[in-house]
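Participant: What follows is a predicted structure for the sequence shown.
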Amino acid sequence: MTSAVEVNQVSHIYVNEHGAKLALEQIQLSVKTGEFVSLVGPSGCGKTTLLSIIAGLIAPSEGSVRLFGQPVTGPTPRVGYMLQQDYLFPWRSIRENIMIGLELMGQKTAEKREYALHLLDEMGLSAHAGSYPRELSGGMRQRVALVRTLATEPDVLFLDEPFSALDFQTKLQLENLIYETLRKHRKTSLLVTHDIAEAIAMSDRVIILAPNPGTVYKEVDIPSSLAEMLPTQAREQDGFQPYFRLVWQAFEQMERSRQPL
Ligand SMILES: Nc1ncnc2c1ncn2[C@@H]1O[C@H](COP(=O)(O)OP(=O)(O)OP(=O)(O)O)[C@@H](O)[C@H]1O
């Protein structure tokens, strides 16, 4: 299968008035087309930096990134972002909000508008097309944000903690809905999360990053028996807990190796 994302020996140093900070060191990873991969790791291990480099928003200090075999040299419309905040425009209706990406890319054709409205329907939000963001719950607003992202038909989706501002029940419902939508549309997806259970329940593979500097600590393949189930169903399986333990143990090992003797 073709690699959608290839990160080759990427290191990154931030330099500012306080000095230099090695945020990532020699990161090597790849994501297959259609694969769902989660990045987990302690705060500050470089997850957001890595996503920004892959998306072409930051040029790495060393190494290179390829998307579908092409070198990444700047932002590309092939990558769509979904973030913790929905960034909906309060003065625009939901129908107008989901067209923003298409407008920015100069692609607001009748066909694309139709597709965006179809996605809104898939997300169960057609009845709210004329509403304004303030009239929607946090979970509904995140569904609108996903429609806005998918409307431009990106090949790869970066999900940077998209559920972390939601209450637990809404988060579980949204995990299921996003899982189903992304699998149905066969999107290659990279999820950044602090929630180990969420990472295991949603992914084909979990990549654990270690901090100071950010490096790939361990990769855990999730068996298809779990990966092909809805996240809430996967969480209930007997086979789920051993994977949780495996990832948690990696966190504990990382923590121990950082303790002074
Ligand atoms: N613009 C910047 N200038 C200097 N240092 C930065 C900058 N952005 C991030 N860093 C540092 O680089 C390291 C990695 O940051 P990054 O935000 O990528 O980590 P993260 O894993 O996404 O963190 P979190 O889980 O808390 O969101 C951290 O030590 C951070 O302080």
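Facilitator: Sure thing, it's come through.
Participant: residues contacting Gln9?
Facilitator: By C-beta atoms under 8 Å, 6 or more residues apart in numbering, Gln9 lies in contact with Gln26, Ile27, Gln28, Glu62, Gly63, Ser64. Any C-beta I mention is one placed from the backbone N, CA and C, and that applies to glycine too.
Participant: so where is this structure shaky, pLDDT-wise?
Facilitator: When residues are selected by pLDDT under 70, those of the chain lie in 1, 259-261.
Participant: Residue numbers of it in contact with the ligand?
Facilitator: Applying C-beta under 6 Å from any ligand atom, one finds that the chain approaches the ligand through Tyr14, Asn16, Lys21, Ala23, Gly41, Ser43, Gly44, Cys45, Gly46, Lys47, Thr48, Thr49.
Participant: The fourth one: what's it in contact with?
Facilitator: Spelled out, that is Ala23. Counting by C-beta under 8 Å, 6+ apart, Ala23 makes contact with His12, Ile13, Tyr14, Gly46, Thr49, Pro213, Gly214.
Participant: Could you name the helices and strands sitting against the helix or strand where Ser257 lies?
Facilitator: Ser257 belongs to helix 240-258 when assigned by DSSP states H and E. If you count contacts as 3 or more C-beta pairs under 8 Å, 6 or more residues apart in numbering; DSSP states H and E, helix 240-258 packs onto helix 196-202, strand 205-210, strand 215-221.
Participant: Using a markdown table, please lay out these together with mean neighbour count.
Facilitator: Shown next, in a markdown table, are the helices and strands packed on helix 240-258 (neighbours: other C-beta atoms under 10 Å):
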| stretch | mean neighbour count |
| --- | --- |
| helix 196-202 | 24 |
| strand 205-210 | 22 |
| strand 215-221 | 16 |
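Participant: Many thanks, I have nothing further to ask.
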